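Chemist: Quick check, what structure comes out for this input:
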Amino acid sequence: MYLDSISIKFRLPKMTMRHSLRNLCLSVLILIGFCTPFTAAAAADDRLYVDITASSTRKINFAVPWFASGGMADQSMGKQLADTLAKALEFHGVIGITPTAEYGGNQSTNWKQLGVDYAVLGQYSLSAKNLSLEIRVLDIASNQTLMGKSFSGSTQQIDEMLFKFCDSVIESLTGKPGIASTKIGFISFANNAKEVWLTDILGHKLRQVTRHRNLTVSPRFTPDGRSLCYTSYHSGNQNLYITDLGQSKVTRVLSKRKGMNLAPAWSPDGRYMILTLSMNGNPDLYLCDSNAKIIEQLTDRAGINVSATWSPDGRRIVFVSDRSGKPQLYTMNLNSRQVQRLTFEGTENAEPSWSPTEDLIVYSSLRDGVYQICTIKPEGGTAAVQITTDLSHHEAPSWSPDGNQVIFSKGSGNRHQIYAVMKNGSFQRPLFSFAGSHTYPRWSR
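Modeler: Sure, this is the predicted structure:
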């Protein structure tokens with residue numbers, strides 16, 4: 001199902017009031033202001049957004065009581081709707097959820113006494129296989145509706161509707177659209193095979209993408225999120241494939257040159273990719289078009305060159321090379337082809353990912369025998385920032401589409417799980433409890 005088939009209406013309040021965190025601003029906390037009367041442009045000009053990665057920012061307290069439904073006795077659906085929305089909001093790291101046990105899930109509660117900043121009040125109606133939702137956000141300080149939306153769709157689209165609402169709430173608070181509607185791809189190892197899987201942020205809808213019953217590595221989404229590339233060994237060679245994630249589910253070979261055909265780095269506009277190819281013996285980087293036709297060789301036998309990733313403006317790449325003896329990060333200016341070594345700390349540095357929203361690179365660094373997640377500015381000259389510290393291995397980091405979080409594979413031995421962490425190192429947690437071992441996570445919009 002696609003969200004295009006869901007009816008969405010945005011209901012603006014007649015007048016919007018000042019944000020309930022106005023008083024907290026006096027304590028150097030958060031202020032989000034709204035002008036009156038409301039217009040979208042004016043609100044964007046006057047609004048001060050929350051920096052959800054600032055170390056001094058406290059989480060905003062939300063309550064998501066059970067959704068109501070015209071006095072129906074069965075509350076299971078209302079509880080399910082509230083629980084899913086609460087988890088999606090909390091996922092973003094800026095919001096704390098007041099447990100329903102503290103107020104019995106009742107929508108008529110003294111929110112101020114509970115210290116709640118906002119209450120999300122939802123109603124639903126169910127007919128045959130269709131569901132209608134009415135959801136509004138109540139500003140507790142002013143007792144005014146901050147925003148409201150209505151949705152209708154099939155029961156199979158419940159999460160899509162709730163995620164869409166969540167993303168709008170996050171955008172109101174931070175100035176950036178939320179990431180509840182995004183997808184996460186990863187490699188799962190089970191039954192002696194590694195296959196690509198796809199899931200939503202809460203792990204509710206898990207989908208197997210490949211069925212090669214062999215070794216599959218390095219999944220990469222196209223910039224529009226509609227297709228996914230990967231390398232598979234099932235034909236006897238490390239061939240590169242692309243599969244349509246839509247209803248057609250068409251898979252085709254992109255590159256089957258002898259040797260490595262690995263890890264495409266897509267340009268931001270989706271017109272080009274950079275591949276690691278070893279058809280001439282040495283793994284080198286090649287600039288190709290979107291069908292993997294070679295345009296230019298970018299590196300030439302200066303060590304093993306892999307794991308390229310593009311800057312948001314498309315002018316530079318960062319990649320891994322062992323030309324200095326150990327794997328390190330290097331940047332390349334795509335206009336001048338000038339290469340500069342970026343990392344000097346850590347025994348090995350690998351698996352870089354360039355933030356989609358700023359000049360910041362995340363990567364895996366071997367330090368004191370343990371792989372940790374670090375960030376670094378691409379200009380060099382500044383020390384890297386280590387954002388994980390525990391003694392498990394942290395590998396294959398990938399940015400969230402909003403640039404605020406990083407997902408990675410964490411574990412040791414034969415067991416790895418997908419974790420997420422805010423870019424400042426806070427709010428680290430496992431995302432899923434799927435069976436098996438999971439590696440190479442990648443985030444798609």
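Chemist: List phi and psi for residue 113.
Modeler: Dihedral pair for residue 113: phi -60, psi -30, per degrees, to the nearest 10.
Chemist: Report how many residues lie close to it.
Modeler: Residue 113 has 8 neighbours, counted by other C-beta atoms under 10 Å. From N, CA and C alone the C-beta is placed, and that goes for glycine too.
Chemist: Against residue 340, how distant is it?
Modeler: 58 Å (C-beta to C-beta, to the nearest Å).
Chemist: Which stretches in the stretch 151-300 of the chain count as helices?
Modeler: Ranges of helices within the stretch 151-300 of the chain are 158-174, based on DSSP state H, counting those that start in this stretch.
Chemist: where does it dip in pLDDT?
Modeler: For the stretch 151-300 of the chain, applying pLDDT under 70 flags the ranges 247-248.
Chemist: just the strands in it please.
Modeler: In the stretch 151-300 of the chain, strands defined by DSSP state E, counting those that start in this stretch lie at 183-190, 193-200, 206-208, 216-221, 227-232, 239-244, 251-255, 261-266, 272-277, 284-289, 294-297, listed in chain order.
Chemist: so what secondary structure elements neighbour the fifth one?
Modeler: Other elements packing on strand 227-232 under the criterion 3 or more C-beta pairs under 8 Å, 6 or more residues apart in numbering; DSSP states H and E are strand 193-200, strand 216-221, strand 239-244, strand 261-266.
Chemist: Which one of those strands lies nearest to residue 435?
Modeler: When the helices and strands packed on strand 227-232 are compared by C-beta to C-beta, strand 193-200 sits nearest residue 435, at 11.4 Å.
Chemist: partners of the closest one, with directions?
Modeler: Strands that pair with strand 193-200, judged by DSSP bridges, come out as strand 183-190 (antiparallel), strand 206-208 (antiparallel).
Chemist: so can I have TSV of the strands of the stretch 151-300 of the chain showing distance to residue 61?
Modeler: Putting these into TSV (distance: least, C-beta to C-beta, whole Å) gives the following:
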stretch	distance to residue 61
strand 183-190	27
strand 193-200	25
strand 206-208	31
strand 216-221	34
strand 227-232	38
strand 239-244	42
strand 251-255	46
strand 261-266	39
strand 272-277	45
strand 284-289	48
strand 294-297	53
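Chemist: To residue 137, which of those strands lies closest?
Modeler: Closest approach to residue 137 among these (C-beta to C-beta): strand 193-200, 22.1 Å.
Chemist: domain assignment for this protein?
Modeler: As assigned by automatic domain parsing, the chain contains the domains 3-174, 183-444.
Chemist: Skip the chain neighbours and tell me the closest residue to residue 213.
Modeler: Of all residues not flanking residue 213 in the chain, residue 193 sits nearest, at 4.8 Å (C-beta to C-beta, 6 or more residues apart in numbering).
Chemist: Residue 285 now?
Modeler: residue 298 (4.3 Å).
Chemist: Could you tell me how many residues sit around that neighbour?
Modeler: For residue 298, the count of nearby residues is 19 (other C-beta under 10 Å).
Chemist: With residue 278 instead?
Modeler: Neighbouring residues of residue 278 were enumerated by other C-beta under 10 Å; the total is 18.
Chemist: next one: residue 344
Modeler: 12.
Chemist: just the helices in the stretch 301-445 of the chain please.
Modeler: With DSSP H, counting those that start in this stretch, there are no helices along the stretch 301-445 of the chain.
Chemist: ok so, going back, what's the closest of the strands of the stretch 151-300 of the chain to residue 151?
Modeler: strand 193-200 (16.7 Å).
Chemist: what are the C-alpha coordinates of that closest one, in PDB please?
Modeler: What follows is strand 193-200, C-alpha atoms only, in PDB (Å, rounded to 0.1, in the frame of the first residue of the first chain):
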ATOM      1  CA  ALA A 193      23.000 -17.200   4.200                       C
ATOM      2  CA  LYS A 194      23.100 -13.500   4.300                       C
ATOM      3  CA  GLU A 195      20.200 -11.700   2.800                       C
ATOM      4  CA  VAL A 196      18.900  -8.100   2.500                       C
ATOM      5  CA  TRP A 197      15.900  -7.200   4.600                       C
ATOM      6  CA  LEU A 198      13.800  -4.000   4.900                       C
ATOM      7  CA  THR A 199      11.900  -2.600   7.900                       C
ATOM      8  CA  ASP A 200      10.200   0.500   9.300                       C
END
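Chemist: Tell me what angle it forms with strand 227-232.
Modeler: Using axes from the mean of the first three to the mean of the last three C-alpha atoms, to 10 degrees, the direction of strand 193-200 lies 160 degrees away from that of strand 227-232.
Chemist: So which residues make contact with strand 193-200?
Modeler: Outside of strand 193-200, the residues within contact range by C-beta atoms under 8 Å, 6 or more residues apart in numbering are 159, 163, 182-188, 205-217, 219, 228, 230, 245, 432, 434, 438.
Chemist: Tell me how far the residue nearest the centre of the chain lies from residue 432.
Modeler: Taking C-alpha atoms, centre = their mean, the centroid of the chain lies closest to residue 400, which sits 3.0 Å from it. Computed with C-beta to C-beta, the distance linking residue 400 and residue 432 is 15 Å.
Chemist: Same question for residue 274.
Modeler: Remark: distance between residue 274 and residue 432 (C-beta to C-beta) = 30 Å.
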